[in-house]
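J.: Next one to model:
(2 chains)
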Amino acid sequence: MTAKGLKRKLPSEQEQIGPAWEHQRQSVLDISIEKYQQDLTLIEPSLRRSVLIANTLRQIQSDELQPNHNDMDVSFVIPAKTPPSPFQPSILQSNFSHQVQSFPSVADCPSLTEAGGDDWMSTSPEEEFSLSTAISSILKELDGEGIQDMSQHSLAPQRTPLGSIENLPGGLDSRPRSWWAGQRGGEERGRGFEVLSPPGGVGVGVTRTTYLHDVALDSLLLDMDMCVFDREVGSLGGRAFSVVNNEELVKYLPPLSASTSGVLPSQNAKDLHELEHIMEILVES
Amino acid sequence: MLAWSKELSGIFRLSLIMQLLCPLFAADIISTVEFNYSGDLLATGDKGGRVVIFQREQESKNRPLSRGEYNVYSTFQSHEPEFDYLKSLEIEEKINKIRWLPQQNAAHFLLSTNDKTIKLWKISERDKRAEGYNLKDEDGRLRDPFRITSLRVPVLMPMDLMVEASPRRIFANAHTYHINSISVNSDHETYLSADDLRINLWHLEITDRSFNIVDIKPANMEELTEVITAAECHPHQCNVFVYSSSKGTIRLCDMRAAALCDRHSKFFEEPEDPSSRSFFSEIISSISDVKFSHSGRYMMTRDYLSVKVWDLNMENRPVETYQVHEYLRSKLCSLYENDCIFDKFECCWNGSDSAIMTGSYNNFFRMFDRNTRRDITLEASRENSKPRAILKPRKVCTSGKRKKDEISVDSLDFNKKILHTAWHPKENVIAVAATNNLYIFQDKIN
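T.: A predicted model of the protein is given here:
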């Protein structure tokens, strides 16, 4: 007897959430980031537009928080209150640029913790965020407002430290403050968030060890974190380096300190030279 | 009353097209259109800070065909580009809104605003001039007083009509953010102005002070998630106004309740349909325009894909929803990419509140009859219409098979957007701004 026709089932919502959804999410994320960055280059972007883009970005990242996309009834709580940046830039042309800086923290970047087994990946996003914000704030102060390299600067607030590091080598070719902004030219590096949340949902930034030059970066982060502490103290001026607990830094850096091979000495020296130059600037200001 | 014939295509005849300025210049993009209270005057503002006022021709036996045509009445430069030295940024001269004041004497008054400054303009006619002065000649030269041997009384003589526009009040320095709305109150003494985060109440006579009545700026700007997108005074109750937000909500406030109307009296929001949730749900819910009906019982809101009519007595959902271009819902990602999703479309009521109109892309605009629930799509285009020809309804093809005369979604021109439309307060005359062309359509059903 021939099998009777089976009733076709409508694909469940869970099945519908698949690569197509993920693909759209990724493209919306990419577009949103690009717009965000474009707006940062404007002196006075439309506030409504900026708010809508920021909310969309926030929503995308909060969607990541909920692996069970099947639950369509979940009201997507978009946290209105973002953790304030511990380092408020003193001068901001657009009030709303605060929003820019605090944005990454809302995400909590759980995707970074999903697949990665490394300990350092479980760093509190606020700490990661505060580091990158501190860096960007410092640089903003150095440059003042209305800087010509706003486009490169704008990437800084949106990156976790790992994102910053991974772009470091490429950025070193240009001016010091555009370290982590080197992505503009590098296709292989990709853009900030793209790197952090690729389709796999893993914080790929760290696993791209080809970009990591350990020794140089160790010292770099060491110094940068000192500046973080300085800002916390409240002094925006002279940067007296305080002693930093290396263990705290280690949790940012395990893969860096682990591998010591594969570093070209010439590249290393060049990096060191650049880093010294940068640190001079930071110290002197 | 709008008479809808059986064939929707016979409703409107194109009676007049006005082309304002050369399309090559961006400054000539029309940014606002507004009829005055009688409908005899139609004001337009453009991106270059200019205001052009059209006047309707009166009936004339000599030129019967031109009855009801609108011709240029006055042109003046309302706003100039300015530079904010403190913030080091340029303030655009683009006219965001024009609102007429009710006419109280022979002169006409209107408010025009750019991003930062509102100006009250007086438009007056001069059709007589005095002749026979004692102290000066006809050409203006002063006469030698010692040569005057007799006195005469100057006489008013007719002259060619001259329309003068003069700024009577300048309301400046009250808005940190960009002004998106102005609205004259029904008391004819006050008006409100709204920017992204604040709403101020002004007295028309007082320029150095305004009252802040709504302030949604958070203490910490990082917490900002919502901005004000439009505001309007109630047409009859001078204590009531509404403002809409980028999150798709409308708040009605009563100025009698408190000096600062941060707490609303009514909160209008439609619950979201979970099945249609997408990444763009919030962006497309952002309200771009809010308009009270003439009766004051309803208000209409325009979001990206639809127009909703709300009963002021029911806050939890609109009473009517009209889809403007639902076929764009599947294209939202592309529209987000090319920024079209941020376009702010306006909407308007007809004089009797029985029909509503709003714009779309490809120079299409849509009209909805609230009673019959019928709708029509028309195109404002010189190529497809001849003067005095009946407008042909348009249709966008959403499915694969495209019928004759239909346009597929992919061939829509998203650069041709109709953001600004206006409806005559009493008659079936509409003004449609298509980039830098102004179209005026009249219903010639006789």
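J.: got a list of what B:L42 touches?
T.: Listed by Cβ atoms under 8 Å, 6 or more residues apart in numbering or on different chains, the contact set of B:L42 reads B:33-36, B:53-56, B:70, B:422, B:431, B:440. C-beta coordinates here come from the backbone N, C-alpha and C atoms, glycine included.
J.: Could you name the specific helix or strand carrying it?
T.: Taking DSSP states H and E as the criterion, B:L42 maps to strand B:41-46.
J.: After that strand, which helix or strand is next? Please name it.
T.: Assigned by DSSP H and E, the successor of strand B:41-46 is strand B:50-56.
J.: Tell me the strands beside that next one, with direction?
T.: The strands beside strand B:50-56 in its sheet (DSSP bridges) come out as strand B:41-46 (antiparallel), strand B:70-77 (antiparallel).
J.: Compile these into TSV and extend it with columns for mean pLDDT.
T.: Putting the strands paired with strand B:50-56 into TSV (pLDDT from 0 to 100) gives the following:
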stretch	mean pLDDT
strand B:41-46	95
strand B:70-77	91
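J.: out of those strands, which comes closest to B:D311?
T.: Of all those, it is strand B:41-46 that lies closest to B:D311, at 30.3 Å by Cβ to Cβ.
J.: mind listing what's buried in the closest one?
T.: If you call a residue buried by 16 or more other Cβ atoms under 10 Å in any protein chain shown, then strand B:41-46 has these buried ones: B:41-46.
J.: How about stretch A:22-36?
T.: Buried positions in stretch A:22-36, judged by neighbour count with 16+ other Cβ under 10 Å: A:25-26, A:28-29, A:31-33, A:35-36.
J.: Only C-alpha atoms, please: export the strand holding B:L42 in PDB.
T.: Taking Å, rounded to 0.1, in the frame of the first residue of the first chain, the C-alpha atoms of strand B:41-46 are listed here in PDB:
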ATOM      1  CA  LEU B  41      -2.800  81.500  -0.200                       C
ATOM      2  CA  LEU B  42      -0.400  78.700  -0.400                       C
ATOM      3  CA  ALA B  43       3.100  79.100   1.100                       C
ATOM      4  CA  THR B  44       6.100  76.900   0.300                       C
ATOM      5  CA  GLY B  45       9.500  76.900   1.900                       C
ATOM      6  CA  ASP B  46      12.600  75.500   0.400                       C
END
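J.: and chain B, which of the buried residues of stretch A:22-36 reach it?
T.: Among those, proximity to chain B is found for A:25, A:28, A:31, A:35 (Cβ under 8 Å from any Cβ of the partner chain).
J.: where in the stretch 1-150 of chain B is pLDDT low?
T.: The stretch 1-150 of chain B contains residues with pLDDT under 70 at B:1-27, B:60-67.
J.: As a check, name the ranges of all strands in it.
T.: Assigned by DSSP state E, counting those that start in this stretch, the strands in the stretch 1-150 of chain B fall at B:13-19, B:30-35, B:41-46, B:50-56, B:70-77, B:82-84, B:89-91, B:97-100, B:108-113, B:118-131.
J.: Let me know the angle separating whichever helix or strand comes after the longest one from strand B:108-113.
T.: Stepping forward along the backbone from strand B:118-131, the first helix or strand reached (DSSP H and E) is strand B:155-171. On the basis of axes from the mean of the first three to the mean of the last three Cα atoms, to 10 degrees, strand B:155-171 is oriented at 30 degrees to strand B:108-113.
J.: any residues touching strand B:155-171, and which ones?
T.: Here strand B:155-171 has contacts from B:51, B:53, B:73-74, B:76, B:78, B:109, B:117-132, B:193, B:202, B:204-205, B:207, B:210, using Cβ under 8 Å, 6+ apart.
J.: could you redo the last one with a cut-off of 7 Å?
T.: Applying Cβ atoms under 7 Å, 6 or more residues apart in numbering or on different chains, the contact partners of strand B:155-171 are B:73-74, B:76, B:117-132, B:202, B:204, B:207, B:210.
J.: list the contacts for the nearest residue to A:V51 once chain neighbours are set aside?
T.: Spatial nearest neighbour of A:V51, excluding adjacent residues (Cβ to Cβ, 6 or more residues apart in numbering or on different chains): B:V227 at 5.4 Å. B:V227 makes contact with A:47-48, A:51, B:196-197, B:245-246 under the criterion Cβ under 7 Å, 6+ apart.
J.: let's see 6 Å
T.: Counting by Cβ atoms under 6 Å, 6 or more residues apart in numbering or on different chains, B:V227 touches A:47-48, A:51, B:196, B:246.
J.: any idea how far A:M279 is from A:A269?
T.: 16 Å (Cβ to Cβ, to the nearest Å).
J.: which of the two has more neighbours?
T.: A side-by-side neighbour count of A:M279 and A:A269, using other Cβ atoms under 10 Å in any protein chain shown, places A:M279 first with 19 against 11.
J.: a helix runs through the more buried one, doesn't it?
T.: Yes - under DSSP: H, G, I helix; E, B strand; the rest coil, A:M279 falls within a helix.
J.: Where does B:Y322 fall, secondary structure wise?
T.: Element membership for B:Y322, per DSSP H and E: strand B:320-323.
J.: Would you list the buried entries among the contacts of strand B:155-171?
T.: Among these, the ones that count as buried by 16+ other Cβ under 10 Å are B:73-74, B:76, B:117-121, B:123, B:202, B:204, B:207, B:210.
J.: which one among those residues gets closest to chain A?
T.: Proximity of those to chain A (Cβ to the nearest Cβ) peaks at B:T117, which lies at 15.7 Å.
J.: Pull the contacting residues for B:Y327.
T.: B:Y327 makes contact with B:396, B:398, B:409 under the criterion Cβ under 6 Å, 6+ apart.
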